[in-house]
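S.K.: Everything below, folded, please.
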Amino acid sequence: MKAHDCLPGMLILAFSLGLLLAACGPAGPTSPPPETPSPSPPFPTATATPLPSPVVPTRSPTATPHLPPSLIRREALLFPPCCSWSCGPYPLPTSQESGIMAALEEYSRVRAEAERRLDPELLRQVCVDPYLSEKMERIRSNARDGSHWETVESATFLESLDWEDNDHVRVRVEKRETKLFFPRGSSIPDDEICSGTIYSYRDCTYGAEYRMVRQGGRWYVAVAQALSECPSVCRKGLPTPTSTPTPTPTPRRATTVVFPTEAVQPSGWPALPFDLYFLRVGRLWRWPAAGGTLEKVRAPGAPISEQVEYRLSPDERYLAYLTSGSYLYVLDRRTGEQVFPTPRVRSQAVHEYAFSVDGAYLLYVNPADELYLVELATGDIRAIPVIDHPEQFTLAADDRYLVYLSVPPPALSACKDNLMVLPGLPQERRVCYGTLYAVDLQNPDVPYDLGFCGPAEGWEARIGCLGFLLSPDGKQLAFADDRGVWFSQIPEGNPRRVASQPFARGVDEWNNLYIPWEWFPEGRRILAKAICFQKHTLAVLEADLPEQALPDTSCLEDCHVEWAWGEEGLWVSPVPGELYQARVAPDGVWEIVPSMLDTQKRRLWPTQLKALPDGKVAFAHQRCAVAEGGADPWPAPGLFVLEPGGSVRRVAPLPLFPCVEIGTVEKMLHPGVVVWSEDGSVFLYLDGEARAMLLGRLDGSALWDVRTLLAGATDFRWARP
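M.R.: Got it, this is the predicted structure:
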């Protein structure tokens, strides 16, 4: 095990319990403590934006590997990617303490989501009165006056656990936070506006206490109280940071959006390499590759109604959309003809739908839980017998076996309230348990049992059933539940566990929790996110082999891991500031190829990766602060291409958004997203609120300002013309 894969025991205890507590800090000098009722604006008691998943300690200097410019060959880590509690000669937490830690982590995440969405009902999952009613009213008050909070730094350190009895415990912590208050209609915090009372505070250390209550076998937050206050200071009069003779440049904070002057307003709708689809004001639109005129997309036989969602088939030949009444229509993009519903099949409400892997078939479930299969080329339709409710379904690549997750009614309702909140997995799309079946379309009345997906017998579902991933060749699937990650053959079944979840060991915690994400292109192994208290990383899961962590893909505080499949392997970026290529040698040993980026100074922060032909990779650099002075300033935000030889080419500028300084780290409040075309030749840049900003060609021949042209548009997708 690498030295930096294990944090010292006391630091583990502080961060694991502490960061998961992430509660609100004190209000301004004239406000009462944040965990007690306060005048408007109501002070939050949780982070106002979703925390990274999970929030973990800052990477130490030893955790940043030094990569020479030549190939580095390292064996995969043949142990669970996350550090266990037995990392050092320190006392281990009891099972009760582990349960409290897991409950507090879930509480922090749910509360952060409730504040971000201004949805106080979410708090019922993790809180009880009196705190529940108080916090719900504060969120309602923020929603009424249009203000909100954003937490940009939060670190918590455990001080003590005081047990009242087996079902009540007081947890005392020390917190260090930066929390910003944004008045109604403002994108700038109140300590930079400086008009009226200031509530924001920065880099403040204070004490807090929580009272936890166990009900029905689960821990809830019943009381949250700050023990001290933080100063709120107007920053207008503070001196602006200037250059210093230290090796690290002094950052300059952008207080307004600086839009690239190179971008021009397009004249009409220019020609593009691909069609661009999007929704706007209840209508589906197509920006044709040929340019000219924007086109409405609507089935010829469909009534005029609001279009709320659409999908493209895997081969991009067909386009399906749903109306506000849940009616489904499918168009042939080649001919423009409506292929569903047909004269033989009347339109009806649809609960869920999916295309087959090859795009030749449409599958849908109606509100009566009846599953239908439609051959799009002919319009032929047939009912497929299913058991209970088919929650997820697909047709394998050979179009012979239909695979679905059968969920009984109890697993769709009340028990879902007890499921942990997991990063990147919408709560409404998860179930507590179910059974996977394969249906031979040549003999559909005899389903094949592929395996049960859910908790062990006698245990309550904590993560439930996370659905399944079909392998590229359609011969097996992977699924994950409370017990582990499983591979099952189609149609034989015989599920085999390839990794164990912590809940399978009777431990209600996050340590070594695997979330399958996608199959490798060769279809023998899957890439999974591995989450634990100390960090999260990428793991490779394969039958008959122990789980393996990809070397140098670990991610600590305020970061996440991104990846993209390239011609020679997997491009990986533990954001911020690093980029590697991971690939498997013929002998099965992982090789890590450094990207030649300046990772020591972290001048570039690669995000939004896009693998290109000939071994190139494109990425967005969105570092919000730019160095002033010095011979080696940080690059301004932009899109870059990394060449095989190691050179980096800037291909387009990006907007410079406001940021805040946390110690020596600069953080964007709203990093953007790049919507790449299939081949990466054209891109659309969206800001942190998914508003279209820039559209351009990667060869640098065009860069358009589309803020006006695409105002109000959402859900953008490229498709071959």
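
S.K.: can you give me the helices for the stretch 601-721 of the chain?
M.R.: Per DSSP state H, counting those that start in this stretch, the stretch 601-721 of the chain carries no helices over any range.

S.K.: Model confidence for Gln700, exactly?
M.R.: Gln isn't right for residue 700; it's Gly. What the model reports as pLDDT for Gly700 is 91.

S.K.: got a list of what the closest residue to it other than its chain neighbours touches?
M.R.: Spatial nearest neighbour of Gly700, chain neighbours left out: Val651 (5.3 Å); criterion: C-beta to C-beta, 6 or more residues apart in numbering. Every C-beta, even on glycine, is put in place using the N, C-alpha and C of the backbone. Contacts for Val651 (C-beta atoms under 8 Å, 6 or more residues apart in numbering) come out as Ala618, Gly638, Leu639, Phe640, Val641, Leu698, Asp699, Gly700.

S.K.: quick check, nearest of those residues to Leu402?
M.R.: For the contacts of Val651, the closest approach to Leu402 (C-beta to C-beta) belongs to Ala618, at 37.6 Å.

S.K.: Show me the shaky parts of the stretch 501-650 of the chain.
M.R.: For the stretch 501-650 of the chain, the stretches with pLDDT under 70 are 504-511, 532-536, 546-559, 575-577, 587-590, 594-602, 624-634.

S.K.: show me where it has strands.
M.R.: Assigned by DSSP state E, counting those that start in this stretch, the strands in the stretch 501-650 of the chain fall at 513-519, 525-531, 536-542, 548-549, 560-565, 570-575, 580-584, 590-594, 606-611, 617-621, 626-627, 638-642, 648-653.

S.K.: In TSV, list those along with distance to Lys179.
M.R.: Shown next, in TSV, are those (distance: least, C-beta to C-beta, whole Å):
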stretch	distance to Lys179
strand 513-519	28
strand 525-531	25
strand 536-542	24
strand 548-549	34
strand 560-565	21
strand 570-575	23
strand 580-584	34
strand 590-594	38
strand 606-611	25
strand 617-621	27
strand 626-627	25
strand 638-642	31
strand 648-653	32
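
S.K.: And the contacts of Val651, which of them are buried?
M.R.: For the contacts of Val651, a neighbour count by 16 or more other C-beta atoms under 10 Å gives the buried set as Ala618, Gly638, Leu639, Phe640, Val641, Leu698.

S.K.: just checking, the first one touches Asp699?
M.R.: Meaning Ala618. No - counting by C-beta atoms under 8 Å, Ala618 stays clear of Asp699, with 11.3 Å between them.

S.K.: How far off centre is stretch 337-355?
M.R.: 32 Å (C-alpha atoms, centre = their mean, to the nearest Å).

S.K.: contacts for that stretch?
M.R.: 299-302, 311, 313-314, 318, 320, 322, 325-332, 361-367, 369, 374, 376, 379, 381, 391, 393-394.

S.K.: Take the residues you listed and keep only those in helices.
M.R.: Within the contacts of stretch 337-355, no residue falls in helices by DSSP state H.

S.K.: Need the buried ones from those selected in ChimeraX.
M.R.: Filtering the contacts of stretch 337-355 down to the buried ones (16+ other C-beta under 10 Å) takes a single ChimeraX command:
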select :299,302,313,318,320,322,327,328,329,330,331,332,361,362,363,364,365,366,369,374,376,381,391,393,394
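
S.K.: Kindly state the beta-bridge partners for Asp449.
M.R.: Tyr437 (DSSP bridges).

S.K.: Nearest residue to Gly217 in space, please, no chain neighbours.
M.R.: Glu460 (6.8 Å).

S.K.: no wait, Ala582
M.R.: Nearest to Ala582 is Leu570, by C-beta to C-beta, 6+ apart, at 4.7 Å.

S.K.: For the one you found, give its distance to Gly379.
M.R.: 41 Å (C-beta to C-beta, to the nearest Å).

S.K.: Which of the contacts of stretch 337-355 fall within strands?
M.R.: The strands, defined by DSSP state E, take in 311, 318, 320, 322, 328-332, 361-365, 374, 381, 391, 393-394 from those.

S.K.: Domain map for the chain?
M.R.: 3-69+83-238, 275-719 (automatic domain parsing).

S.K.: Arg172 and Ser160: what is the separation?
M.R.: The gap separating Arg172 from Ser160 is 5 Å, by C-beta to C-beta.

S.K.: Of these two, which one has the most company?
M.R.: Neighbours were counted for Arg172 and for Ser160 using other C-beta atoms under 10 Å; Arg172 has more, 15 against 9.

S.K.: What distance do you get for the more buried one to Ala320?
M.R.: Taking C-beta to C-beta, one finds Arg172 at 54 Å from Ala320.

S.K.: Which positions are bridged to the residue nearest to Ala582 in the beta structure?
M.R.: Residues in beta-bridge contact with Leu570 (DSSP bridges): Trp565, Ala582.

S.K.: can I assume it is in contact with Glu591?
M.R.: No - counting by C-beta under 8 Å, Leu570 stays clear of Glu591, with 10.9 Å between them.

S.K.: Overlap of the contact sets of these two?
M.R.: Ala582, Arg583.

S.K.: the more surrounded of those two?
M.R.: Using other C-beta under 10 Å, the more surrounded residue of Leu570 and Glu591 is Leu570, with 23 against 18.

S.K.: so what's that one up against?
M.R.: Applying C-beta under 8 Å, 6+ apart, the residues contacting Leu570 are Leu527, Leu550, Trp563, Ala564, Gln581, Ala582, Arg583.

S.K.: Then Ala289?
M.R.: Shown in contact with Ala289 (C-beta under 8 Å, 6+ apart): Ala271, Leu272, Pro273, Phe274, Asp275, Pro721.

S.K.: can you count the residues close to Asp440?
M.R.: 15.

S.K.: Before we move on, what's the pLDDT of the nearest residue to Trp269 once chain neighbours are set aside?
M.R.: Leaving aside its sequence neighbours, Trp269 sits nearest to Gly291 (C-beta to C-beta, 6+ apart; 5.2 Å). The score at Gly291 is 95. That number is its pLDDT.

S.K.: My read is that Gly291 contacts Pro273, right?
M.R.: No - using C-beta under 8 Å, Gly291 makes no contact with Pro273, being 11.0 Å away.

S.K.: Please name the bridge partners of the nearest residue to Gln307 once chain neighbours are set aside.
M.R.: Leaving out its chain neighbours, the residue that sits closest to Gln307 by C-beta to C-beta, 6+ apart is Leu284, at 4.5 Å. As for beta bridges, Leu284 partners with Leu279 under DSSP bridges.

S.K.: Distance check, Leu284 against Thr335.
M.R.: Using C-beta to C-beta, we find Leu284 at a distance of 17 Å from Thr335.

S.K.: More neighbours: these two, which one.
M.R.: Leu284 (21 against 9).

S.K.: follow-up on the earlier one: mind telling me the two of the contacts of Val651 farthest from one another?
M.R.: Using C-beta to C-beta, the contacts of Val651 span at most 14.7 Å, a distance reached by Gly638 and Asp699.

S.K.: Low-confidence ranges, the stretch 101-250 of the chain, go.
M.R.: 101, 105, 152-159, 187, 236-250.
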